[in-house]
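Participant: What follows is a protein structure lacking sequence information:
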DNA sequence: GTACTCACG
DNA sequence: GACGTACGTGAGTACG
């Protein structure tokens, strides 16, 4: 062809991003055999491009062609409207590293590949379309995106490649009710929930089309809005004029995008067989490579099979377990050139395992000592960075050991690859490493986590620590850390470990992590927990890391004053107790207390446990106190103070980080089998709230100057979930009507009209409602309500009579657990129940746990979903998420912004089950604010 | 290291 | 008929 683009030329513009997303979602999560790199979207993309090339070889073949991609997430539209596309879910982690490969694929097919920072693919398409039409040529846009329909006409048409359907002026008119030139007017009015275009509330495409048909165009319509007969419609247009005009600017494509190419650069070119084969071979696409090779008339290259010939896919991953561990092969990285080789290898592969070694277990305070990497099974290295020599003498003469790269230099080299969206960083408990590295200015992304993969597949079956996983799945016992650090008083920190020993230990950890990832990744799909892992586990890591690093401000003085007050009261109580006992003893020793109470004083109710010691729990002491005995009553007071002092007012002070002045808890994602989080070091999920004394401790959790704490919690979420999963119409109805659910239960059970409800009856019903969630038993309810067991059983029988669906749910859940060995939440989380078939008292335990797990777990999934969406919602708002307490989230918010934040957060929390699960009951979130947590809760 | 106790949802 | 049980956690203390 040659020459310039003009009359007779035919330009094809392919919407590349649409191809990618379609490929990603249509295909199962394929991974590259040799290293486990996710590759499904690239494979689908190549198939689609190949099909496109074949389909367009005929007489109407294009003379010019380009694939156009989106680039970056921020465009000029975000400057116009910061909520533009704000409701979009983040790109799936597994897709991210495939994006650059689709560009490579396009070039491998020798097709022009276009993208422009700050502009959407649609704008580039609009610009090229305009240029081509002005030059007198024809254009076909391969896409079905309605946003491109405004370009149709004047020799421009669209082609839906999937349906093989042409979209011309007629089809556009059919869809929008107006011609292509007025499509933007209709879109401006109708808005678009997918792109978060506001439009005019209450006006859809149909109404918008009618209005535009009548008034000619949007501007005329808005100017003459007062002529509209329908009052509501008229009012909407007048009130939302600015918003509608903004919407129009958002939907109008920019046909003047600055491009550094011309139409002539897009001329159709024959693919270079060698380059194309090289790419396909590297991707290890066996079928596609063969098919394309045949089409090109070349010999298909042999794709090295890293597995035994004919190996089944399940065996393929087993190489992780069969390649021997050879610690002597691990490399110690001491200079930039060596490090760069590993970085290049990781970049070429698109993934690597990463592990950090530090001086301690507190990510917020420890120092980085070294980093290990692995790129394939058996191939791992360690980069020592902070190893010291010498004993740390009187002068603290810490000297860096020889042969280590300077920390700054190593991190500068590693930072690009650790932050490279095209390279997945695999870790075992990656939240830890990500937090450490974040303190050194490196923000690791995207990540994969073997601990979380194990948790998604095997919660309830076994632990998810690396040593346990390695022994179980790789049949390899890792070097114990104790062998390097020792234990007890003589324990040293990792920076004191000799480098050669550290290499073997640290590189092995990265090696193990990589092997586990290769083994687990394909198993996720087979275990049907890919969605759980991808939507509930993996994306939670950066969210929690951010929360933990933010921490919450705790006022030391408040705690310290309380501590002193508690100490005085305790001393007084202790004297009184000793006086009553007639001797001094350790009040804190249950053993000594038991002997005083039941041997010396011969009080009734002395029951020995399996260890031969008397039980002295609160329930026992309360019974004694109720009978008028003073000593147990004082002990109860003393115990409460002792608990508050030691666990909270004292211990909490030790957790205030000297640098930040805040307390930084750690959430253990795999801490509870049900999907709940666990909070450790310190546990901020059990700060007192039930007693007045205890609640004062919450007042020590304060907002920074100029800020307030905001707490939002789900109201009775577990009962709502029970109503949904057990399908109890009466309960569902009550929740929909916003009734007092415990009173309603009481009314149903005891035949008491709602207006005659007494607090006592309601309290009993409340206990039953909770009991149901826990897998109710007569004994448990009796103990809780302090009523005879027969009476409690009577309550339960009546409850089941009134709500037979609950009994059915329980029976069915236990049967499911027995048949499958696990139960599931509404979101597909599996909780394994290996004890379900046990005999004896174990059986009851396991059954109640199985009944409770789907309810507790579904609630846990819902708040996880809310938390994962929170960063997107808080963007632009002066608010930070600080804490999660199972059904509560705590935020720190600039004073004055509370209302806006509460509205936004509440919307996310109440809608968190959607769209995956549509509950039959509404989720309701209560909110509070205050200077401290006691006020906010 | 285990048992007991008790703080939370 | 007896047994022993409410579900899920973390942490501090005593004690062997």
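Facilitator: It's in. Computed from a predicted structure; not experimentally measured.
Participant: Just the terminal-to-terminal distance for stretch A:606-624.
Facilitator: Using C-alpha to C-alpha, to the nearest Å, the end-to-end distance of stretch A:606-624 comes to 10 Å.
Participant: C-terminal to the helix or strand where residue A:889 lies, which secondary structure element comes first?
Facilitator: If you go by DSSP states H and E, residue A:889 is part of strand A:888-894. Next in sequence after strand A:888-894, counting helices and strands by DSSP H and E, comes helix A:898-910.
Participant: Could you look up the next helix or strand downstream of that following helix?
Facilitator: With DSSP H and E, the next secondary element past helix A:898-910 is strand A:925-930.
Participant: right, and the helix or strand after that next one?
Facilitator: For strand A:925-930, the following helix or strand on the C-terminal side (DSSP H and E) is helix A:933-936.
Participant: Which secondary structure elements does that next one sit against?
Facilitator: helix A:692-698, strand A:701-702, strand A:707-714, strand A:925-930 (3 or more C-beta pairs under 8 Å, 6 or more residues apart in numbering; DSSP states H and E). Just so you know, the C-beta spots here come from the backbone N, C-alpha and C atoms, and that holds for glycine as well.
Participant: switch the cut-off to 6 Å
Facilitator: helix A:692-698, strand A:707-714, strand A:925-930 (3 or more C-beta pairs under 6 Å, 6 or more residues apart in numbering; DSSP states H and E).
Participant: can that helix be found next to DNA strand B?
Facilitator: No: using C-beta under 7 Å from any atom of the strand, helix A:933-936 stays clear of DNA strand B, with a minimum separation of 10.6 Å.
Participant: What distance do you get for residue A:527 to residue A:611?
Facilitator: 41 Å (C-beta to C-beta, to the nearest Å).
Participant: what about these two, which has more around it?
Facilitator: Using other C-beta atoms under 10 Å as the criterion, residue A:527 and residue A:611 rank with residue A:527 on top: 17 against 6.
Participant: show me what contacts the more buried one?
Facilitator: Residue A:527 is in contact with residue A:457, counting by C-beta atoms under 6 Å, 6 or more residues apart in numbering.
Participant: What segments of the stretch 701-850 of chain A are strands?
Facilitator: With DSSP state E, counting those that start in this stretch, the ranges of strands along the stretch 701-850 of chain A come out as A:701-702, A:707-714, A:822-824, A:830-832.
Participant: on that earlier part again, do the strand holding residue A:889 and DNA strand C meet at all?
Facilitator: No: using C-beta under 7 Å from any atom of the strand, we find that strand A:888-894 stays clear of DNA strand C, coming within 12.2 Å at best.
Participant: how many degrees apart are that strand and strand A:707-714 in direction?
Facilitator: Angle, strand A:888-894 to strand A:707-714, by axes from the mean of the first three to the mean of the last three C-alpha atoms, to 10 degrees: 150 degrees.
Participant: ok, now how distant is the residue of chain A most remote from its centre from residue A:69?
Facilitator: Note on chain A: the largest C-alpha distance from the chain mean falls to residue A:582, namely 58.4 Å (C-alpha atoms, centre = their mean). For residue A:582, the distance to residue A:69 equals 85 Å [C-beta to C-beta].
Participant: Helices of the stretch 551-700 of chain A, start to end?
Facilitator: Ranges of helices within the stretch 551-700 of chain A are A:556-581, A:590-594, A:618-626, A:630-643, A:651-654, A:692-698, based on DSSP state H, counting those that start in this stretch.
Participant: Dump those into a markdown table; add mean pLDDT as well.
Facilitator: Putting the helices of the stretch 551-700 of chain A into a markdown table (pLDDT from 0 to 100) gives the following:
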| stretch | mean pLDDT |
| --- | --- |
| helix A:556-581 | 93 |
| helix A:590-594 | 87 |
| helix A:618-626 | 88 |
| helix A:630-643 | 92 |
| helix A:651-654 | 92 |
| helix A:692-698 | 91 |
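Participant: Just give the number of residues close to residue A:35.
Facilitator: 20.
Participant: same thing with residue A:666?
Facilitator: Neighbourhood size, residue A:666 [other C-beta under 10 Å]: 23.
Participant: What residues are bridge-paired with it?
Facilitator: Legend: beta-bridge partners of residue A:666 under DSSP bridges are residue A:680.
Participant: Pull up the per-residue confidence for it.
Facilitator: Looking at residue A:666, its pLDDT stands at 93.
Participant: same question, residue A:721
Facilitator: Reading off the model, residue A:721 has pLDDT 96.
Participant: Surely it touches residue A:857?
Facilitator: No: if you go by C-beta atoms under 6 Å, residue A:721 and residue A:857 don't touch, sitting 9.3 Å apart.
Participant: ok, now which ones touch residue A:8?
Facilitator: Not one residue lies near residue A:8 by C-beta under 6 Å, 6+ apart.
Participant: try residue A:608
Facilitator: For residue A:608, the contacting residues are residue A:614, by C-beta under 6 Å, 6+ apart.
Participant: do the same with the one 10 residues further on
Facilitator: For residue A:618, no contacting residues are found, by C-beta under 6 Å, 6+ apart.
Participant: tell me how far the host helix or strand of residue A:104 is from the chain's mean position?
Facilitator: Using DSSP H and E, residue A:104 maps to helix A:99-108. Taking C-alpha atoms, centre = their mean, to the nearest Å, one finds the center of helix A:99-108 at 29 Å from the center of the full chain.
Participant: got the buried residues for that helix?
Facilitator: A:99, A:101-103, A:105-108 (16 or more other C-beta atoms under 10 Å).
Participant: Can you name the residues of the stretch 801-937 of chain A sitting close to DNA strand B?
Facilitator: Of all the residues in the stretch 801-937 of chain A, those lying near DNA strand B are A:856, A:885-888, going by C-beta under 7 Å from any atom of the strand.
Participant: Which of those has the largest number of neighbours?
Facilitator: Neighbour counts for these, by other C-beta under 10 Å, peak at residue A:856, which reaches 24 neighbours.
Participant: quick one, what contacts that residue?
Facilitator: For residue A:856, the contacting residues are residue A:674, by C-beta under 6 Å, 6+ apart.
Participant: following the host helix or strand of it, which helix or strand comes up?
Facilitator: Element membership for residue A:856, per DSSP H and E: helix A:841-874. Downstream of helix A:841-874, the first helix or strand assigned by DSSP H and E is strand A:879-884.
Participant: what about residue A:419, how many neighbours?
Facilitator: Residues lying near residue A:419 (other C-beta under 10 Å) number 15.
Participant: Repeat that for residue A:421.
Facilitator: Using other C-beta under 10 Å: residue A:421 sits among 13 other residues.
Participant: Helix, strand, or coil at it?
Facilitator: Following DSSP: H, G, I helix; E, B strand; the rest coil, we place residue A:421 in the coil state.
Participant: Distance of residue A:147 relative to residue A:193?
Facilitator: 13 Å.
Participant: do residue A:727 as well
Facilitator: For residue A:727, the distance to residue A:193 equals 30 Å [C-beta to C-beta].
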